[in-house]
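Novice: Prediction below, plus the sequence it came from.
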Amino acid sequence: MSLIQKLAFRNLFHDRLRLIATVIGIVFSIVLVTVQMGLYLGFGRMVTTMIDRADADLWIMPQGTKCFEDPALLDVRKRFRALSIEGVAQVNPVVIGFADWRTPAGTTTPVFVVGSDVKNGGLHPWNVIEGQVESLSIPDAVAADQSYFDRLGVEGLGSTAEIRQQKVRIAVVTSGIRSFTTTPYVFTTTERARQYAGLPSAKATYFLVRVAPNADIEQTRRRLAANIDEVEVLTTAEFRERSRSFWLFDTGAGMALFAGALLGIIVGTVIVAQTLYSSTKDHLDEFATLRAIGSSGSYIYQVIIWQAMISAIIGFCLAAIAGFAITALTAGSALPILMTPLLLAGLFALTVAMCVASAIAAIVKVMRVDPAMVFSR
Amino acid sequence: MTAVLQAENIVKVLGQGAAEVHALKGVNVSLGTGELTLLMGPSGSGKTTLLSILGCILSPTEGAVSVGGQSTEGAEPEELADLRRRNIGFVFQSYHLFPTLTATDNVRLALDVRGERGRKAVSRARDALAMVGLAHKLTSFPGQMSGGEQQRVAIARAIVGDASAILADEPTAALDSENGHAIMTILSEIASDAARGVLVVTHDPRLLPFATRIVRIEDGRIVSEEQGQAKRKVKANA
Ligand SMILES: Nc1ncnc2c1ncn2[C@@H]1O[C@H](COP(=O)(O)OP(=O)(O)O)[C@@H](O)[C@H]1O
Ligand SMILES: [Mg+2]
């Protein structure tokens, strides 16, 4: 440890109470930022779960579709058109829509129906813990997630309920298919999804395209777009991006999260700046002595910057522990807070930047120090 | 004898407006190697102001200061700091040690600000402490030392970087006479180095026996300059 670091360290630990205040400020601020950014990442991933799980290279959708949940419909005849395009191997319809689920006790709750035919690829339930996806083709079979059993008024495999006066039976149970809207997902076939959601029979929401093994996805995409009217054809990555940016930005949710994070940064900076400034004020005599014995300005700034850095490192480590705890606690919730290595690195950089920025006030104070004060005290 | 510090026609105005004080009113003084000069005068006569100007901590309102023959005119604060760290060692009445650092680290600081680091700096700091009789207090903190010991650490810090001018402002004022005597003995030992000059500001006549030269100041003016009782005992520098 250099003498500068030693001095910074000792200055900090000299006043434990102030150090604790500083560290608490940093931890609160960084945890707030972690939660906001973790929610941002978690939400960003959550809103595209369905797209990520779908078996598709390309998505054919009504023009202007903003996100996966967009209810606009396509005419099924377009499916045959798509199948005739060179490079296209499969075109699987997906039907989505809202429906009212009537529990055996007689109460109703809205559900989000996802219809896809199990004999083909498409969008089928995953994380299956009971039953078989293939059984969804049985006339009254649906899949539901166990986390929504209470809401759906069912006990498990074989439980029954009603949608639009038709009996439905839980044939597949999944675990962890949670919706950020908190509306339960119910998986079934396209045909029954239309019935449950009250949609016309010749309509679908998406056509999921698999391209032939040797075909180029981009070229196929262009051919599809050129040959089918009033649709958009997006790659899975493009649709994921569009859906995410709709939920995060068009709805303002992302901005709210960023605003929360920004608030955290501001509060943290103010607290650290305040404590660093008062620490510097207390040690002004020492800084004046340093100046008197001929230290350069930059030597003194380094002492202050190191004080900021040491605070940042301590604060960050504690905040990271808190962050991981929060991540673990929310892992099973509808909206888990995510912690990625990149977020962690970003948070560290942010903590350091915040603390160094906080040092500015202290540095300005020390810049004005008059070394002549060493003679008067 | 060569002058390590030279001040010519120094005028210093402190404060502003109604509080304006002409602390120095045209002072000529120099400090040579191998001498221990006492700057004596009553309280408020301008001693500290003059010492600050000689030590490049304050700039004169009028007049010229040169350090080792180099003029300080128009020097920026950073250049003055550089002059200080290369040429001048300070000893203050209230020691101004760093309470959170050991004696060795306090002394090492004077080398550290000059970019001298590592083992060599540590051993130089220890040597300087040994020179002031504190070889047994290397790892003590200021709070664990007596006033006399703290002042000796401060002297070690002033000399460790081979400064050619040691400027001490009332170095014994906070000490009893025994400790004051010990401090002055060390300072006159330092002054016997042919490469160094020591200037001690005081109003304590008990220090007179240590002086090779006595400069008296009153009301911002030098009023007398005389030879002291102490012999210049410059060691032949090998
Ligand atoms: N910063 C200052 N502002 C205004 N007047 C000052 C300041 N510092 C010292 N003085 C005045 O300048 C004069 C000389 O002060 P100083 O050099 O400290 O005297 P000494 O060290 O001989 O006691 C005194 O009258 C003192 O009141
Ligand atoms: Mg004085």
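Specialist: Right, received. Where do you want to start? Ligands and ions are numbered 1, 2, ... in the order given.
Novice: just checking, what packs against the longest helix along chain B?
Specialist: Longest helix in chain B by number of residues, with DSSP state H as the criterion: helix B:177-191. Applying 3 or more CB pairs under 8 Å, 6 or more residues apart in numbering or on different chains; DSSP states H and E, we find helix B:177-191 packed against strand B:36-40, helix B:147-159, strand B:165-169, strand B:197-202. Glycine gets a C-beta too; all of them are placed from N, C-alpha and C.
Novice: possible to save the ones you listed as a markdown table with distance to chain A?
Specialist: Formatted as a markdown table, the helices and strands packed on helix B:177-191 follow (distance: least, CB to the nearest CB, whole Å):
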| stretch | distance to chain A |
| --- | --- |
| strand B:36-40 | 13 |
| helix B:147-159 | 7 |
| strand B:165-169 | 6 |
| strand B:197-202 | 9 |
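Novice: for the spatially most central residue of chain B, what are its contacts?
Specialist: Residue closest to the mean C-alpha point of chain B, counted by CA atoms, centre = their mean, is B:L167 at 1.2 Å. By CB atoms under 8 Å, 6 or more residues apart in numbering or on different chains, the contact set of B:L167 is B:L51, B:L54, B:G55, B:I88, B:G89, B:F90, B:V91, B:V198, B:L199, B:V201.
Novice: Check A:V88 too.
Specialist: Residues near A:V88 by CB under 8 Å, 6+ apart: A:A82, A:V209, A:R210, A:V211, A:A212, A:A215, A:T220, A:L224.
Novice: can you tell me which of those are in helices?
Specialist: Using DSSP H, the contacts of A:V88 in helices are A:A82, A:T220, A:L224.
Novice: Dump those residues into JSON lines; add distance to A:L74 as well.
Specialist: Formatted as JSON lines, those follow (distance: CB to CB, whole Å):
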{"residue": "A:A82", "distance to A:L74": "10"}
{"residue": "A:T220", "distance to A:L74": "18"}
{"residue": "A:L224", "distance to A:L74": "12"}
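Novice: From those, pick the one nearest chain B.
Specialist: A:T220 (65.8 Å; CB to the nearest CB).
Novice: The residue nearest to the closest one when sequence neighbours are not counted: how many residues sit nearby?
Specialist: Closest residue in space to A:T220, ignoring its immediate chain neighbours: A:G87 at 3.8 Å, by CB to CB, 6 or more residues apart in numbering or on different chains. By other CB atoms under 10 Å in any protein chain shown, the residues close to A:G87 number 19.
Novice: is it true that A:G87 touches A:A212?
Specialist: Yes: between A:G87 and A:A212 there is a contact at 5.5 Å, judged by CB atoms under 8 Å.
Novice: In chain B, where is pLDDT below threshold?
Specialist: Along chain B, segments meeting pLDDT under 70 span B:1, B:232-238.
Novice: mind redoing it with 90?
Specialist: Along chain B, segments meeting pLDDT under 90 span B:1-3, B:15-19, B:68-69, B:193-195, B:203, B:228-238.
Novice: circling back to that earlier point, for A:R244, which of the helices and strands packed on helix B:177-191 is the nearest?
Specialist: helix B:147-159 (61.7 Å; CB to CB).
Novice: Does that closest one pack against any helices or strands, and if so which?
Specialist: strand B:88-91, helix B:103-112, helix B:119-131, strand B:165-169, helix B:177-191.
Novice: again, only this time at 6 Å
Specialist: When contacts are defined as 3 or more CB pairs under 6 Å, 6 or more residues apart in numbering or on different chains; DSSP states H and E, helix B:147-159 sits against strand B:88-91, helix B:103-112, helix B:119-131, helix B:177-191.
Novice: out of the contacts of A:V88, who's nearest A:G44?
Specialist: Closest to A:G44, out of all of these and judged by CB to CB, is A:V209, at 24.7 Å.
Novice: Which residue comes closest to the closest one once chain neighbours are left out?
Specialist: A:V209 sits nearest to A:L58 (CB to CB, 6+ apart), 4.0 Å away.
Novice: Bridged to that neighbour, which residues?
Specialist: Beta-bridge partners recorded for A:L58 (DSSP bridges): A:V209, A:T235.
Novice: List the contacts of it.
Specialist: Going by CB atoms under 6 Å, 6 or more residues apart in numbering or on different chains, A:L58 touches A:V209, A:R221, A:V233, A:T235.
Novice: for A:P371, same thing?
Specialist: A:A288, A:R291, A:A292, B:I57.
Novice: I'd guessed the last one sits against A:V374; true?
Specialist: No: B:I57 is not in contact with A:V374 according to CB atoms under 6 Å; the separation is 7.8 Å.
Novice: shared neighbours, those two?
Specialist: Counting by CB under 6 Å, 6+ apart, the residues touching both B:I57 and A:V374 are A:A292.
Novice: number of nearby residues for B:G32?
Specialist: Counted by other CB under 10 Å, the residues lying close to B:G32 total 18.
Novice: just the one 3 residues further on next, same as before
Specialist: Burial of B:E35, expressed as a neighbour count using other CB under 10 Å, amounts to 23.
Novice: Roughly how far does the nearest residue to it once chain neighbours are set aside sit from B:P171?
Specialist: With sequence-adjacent residues excluded and distances taken as CB to CB, 6+ apart, B:E35 is closest to B:T212, at 4.5 Å. Distance, B:T212 to B:P171, by CB to CB, to the nearest Å: 17 Å.
Novice: which of the two has more neighbours?
Specialist: Shown here are B:T212 and B:P171; by other CB under 10 Å, B:P171 has more neighbours (28 against 23).
Novice: any idea whether the more buried one is helix, strand or coil?
Specialist: Recorded secondary structure, B:P171: coil (DSSP: H, G, I helix; E, B strand; the rest coil).
Novice: which non-adjacent residue is nearest it?
Specialist: When the adjacent residues along the chain are set aside, B:P171 lies closest to B:V91, with 4.8 Å between them (CB to CB, 6+ apart).
Novice: what does A:W126 give?
Specialist: A:R53 (5.6 Å).
Novice: Could you check how many residues crowd around that neighbour?
Specialist: With other CB under 10 Å as criterion, A:R53 counts 15.
Novice: tell me which strands and helices the lengthiest helix in chain A is in contact with?
Specialist: In terms of residue count, the longest helix belonging to chain A (DSSP H) is helix A:297-330. Under the contact criterion of 3+ CB pairs under 6 Å, 6+ apart, helix A:297-330 touches helix A:3-14, helix A:16-46, helix A:341-367.
Novice: So which elements touch the second one?
Specialist: Contact here means 3+ CB pairs under 6 Å, 6+ apart; on that basis helix A:16-46 packs against helix A:253-282, helix A:297-330.
Novice: tell me which residues of that helix are tucked away?
Specialist: Buried residues in helix A:16-46, counted by 16 or more other CB atoms under 10 Å in any protein chain shown: A:18-19, A:21-23, A:25-46.
Novice: Next: stretch B:209-218.
Specialist: Quick answer for stretch B:209-218 (16+ other CB under 10 Å): B:F210, B:A211, B:T212, B:R213, B:I214, B:V215, B:R216, B:I217.
Novice: before we move on, what about stretch B:24-32?
Specialist: For stretch B:24-32, using 16+ other CB under 10 Å, the buried residues are B:L24, B:K25, B:V27, B:V29, B:S30, B:L31, B:G32.
Novice: In contact with A:G38: list those residues for me.
Specialist: Counting by CB under 6 Å, 6+ apart, A:G38 has contacts A:I337, A:L338, A:M339.
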